[in-house]
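Asker: can't give you the sequence, but here's the structure:
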């Protein structure tokens, strides 16, 4: 996950087939994501969008590498 993506953890996603998802937009604040989602639902009423908090925890292997 890039540094920019870490700064923008709130995502609007579009669910796809086979449990896949497409990230449509990223935001710093949930309120910004909700406002954008409202506009998207007005523009594309038939589409399905969800707001998720996307955090990827990177494993810390520093202790393992030292041994």
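Answerer: Structure's in. What do you need? Treat the numbers as computed from the prediction; the structure is a model and nothing was measured.

Asker: in this structure, which helix has the most residues?
Answerer: In the chain, with assignment by DSSP state H, the single longest helix is helix 30-43.

Asker: tell me the SS of the residue nearest to residue 24 when sequence neighbours are not counted?
Answerer: Leaving aside its chain neighbours, residue 24 sits nearest to residue 12 (4.6 Å; criterion: Cβ to Cβ, 6 or more residues apart in numbering). In this view, the C-beta of every residue, glycine as well, is placed from N, C-alpha and C. Using DSSP: H, G, I helix; E, B strand; the rest coil, the structure places residue 12 in strand.

Asker: Surely residue 12 is in contact with residue 34?
Answerer: No. Counting by Cβ atoms under 8 Å, residue 12 does not reach residue 34; the two are 9.3 Å apart.

Asker: More neighbours: the two, which one.
Answerer: residue 12 (19 against 13; other Cβ atoms under 10 Å).

Asker: how far away is that one from residue 52?
Answerer: 8 Å (Cβ to Cβ, to the nearest Å).

Asker: residue contacts, the residue nearest the centre of the chain?
Answerer: Nearest to the mean C-alpha position of the chain, by Cα atoms, centre = their mean, lies residue 11 at 3.0 Å. Residues near residue 11 by Cβ atoms under 8 Å, 6 or more residues apart in numbering: 23, 24, 25, 26, 27, 33, 51, 52, 53, 54.

Asker: Excluding covalently adjacent residues, which one is nearest to the third one?
Answerer: Closest residue to residue 25 in three dimensions, ignoring its sequence neighbours and counting by Cβ to Cβ, 6+ apart: residue 12, at 4.8 Å.
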